[in-house]
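*Asks:* For reference, the sequence and a predicted model appear below.
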Amino acid sequence: FNDISNQFGLNVLLGENCFVIKQDERIIEDIYKPVLSYLSDSKWLPVNRDLAEANKAYLKATDEDYSRSITLTISALQAFLQILVKGTTGKGDIGDLIKEGQKLSLIPSDAFSTKILKDIEATLMRERQSKGDAHPKEVYGDEKTARLALNISMIFIQHCF
């Protein structure tokens, strides 16, 4: 599928469990493929579901779908942290889950990681607040913001492994 996708200039690749947006080959090889491979375990099904839906929304390339992609991406990250820290989805905000995961040594807690993860969380929450569907949005999402949310979330997940 990926060879055919490249031949026809489609901006989509088939990952382990879902379609993902096509990006620079290095981002795909160094970040997306390892993360999607790790998330292939059945315990990560809620994360994969939201990531797959986020990528589908992104690929529709409308303002409404970019907003939906942002929201779903952040939901996937929250589900990841809930499963990592609590063993199941359902409870816990991202910031609290990061702190708890660090106390349990499930998430790196060095000064650099703590600062970066805090900044990532603040950035994602700000974008979800202003452009996502979880709250009344100030403006619709755009391609760059949706792609950034997807990439940051994948890097965040990768850093936790």
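*Replies:* Structure received.
*Asks:* Tell me where the model's unsure across the chain.
*Replies:* Counting by pLDDT under 70, the ranges of the chain that qualify are 1-24, 135.
*Asks:* buried set for the helix ranked longest in it?
*Replies:* In the chain, assigned by DSSP state H, the helix with the most residues is helix 63-86. Neighbour counts over helix 63-86 (16 or more other CB atoms under 10 Å) mark 65-85 as buried. For the C-beta atoms, the positions are set from N, CA and C on the backbone; glycine is no exception.
*Asks:* any chance you could map the strands in this protein?
*Replies:* With strands called from DSSP state E, the chain shows them at 12-14, 19-21.
*Asks:* Quick check: which helices or strands does the longest helix of the chain pack against?
*Replies:* Helices and strands touching helix 63-86, by 3 or more CB pairs under 8 Å, 6 or more residues apart in numbering; DSSP states H and E, are helix 45-60, helix 94-103, helix 111-131, helix 143-160.
*Asks:* wait, what's in contact with the closest residue to Asp133 other than its chain neighbours?
*Replies:* Nearest residue to Asp133 in three dimensions, chain neighbours excluded: Thr71, at 4.3 Å (CB to CB, 6 or more residues apart in numbering). With contacts defined as CB atoms under 8 Å, 6 or more residues apart in numbering, Thr71 is in contact with Arg128, Gly132, Asp133, Ala134.
*Asks:* who wins for most neighbours among those residues?
*Replies:* Gly132 (27 neighbours; other CB atoms under 10 Å).
*Asks:* Surely it is in contact with Ile74?
*Replies:* Yes: if you go by CB atoms under 8 Å, Gly132 and Ile74 touch, sitting 6.8 Å apart.
*Asks:* measure Thr89 to Leu77 for me?
*Replies:* The gap separating Thr89 from Leu77 is 12 Å, by CB to CB, to the nearest Å.
*Asks:* Could you check how far the closest residue to Gly90 other than its chain neighbours is from Tyr32?
*Replies:* Distances taken as CB to CB, 6+ apart put Gln82 closest to Gly90, at 6.5 Å, once the chain neighbours are dropped. When distance is defined by CB to CB, Gln82 is 22 Å away from Tyr32.
*Asks:* Then Ser40?
*Replies:* From Ser40 over to Tyr32 the distance is 13 Å, taken as CB to CB.
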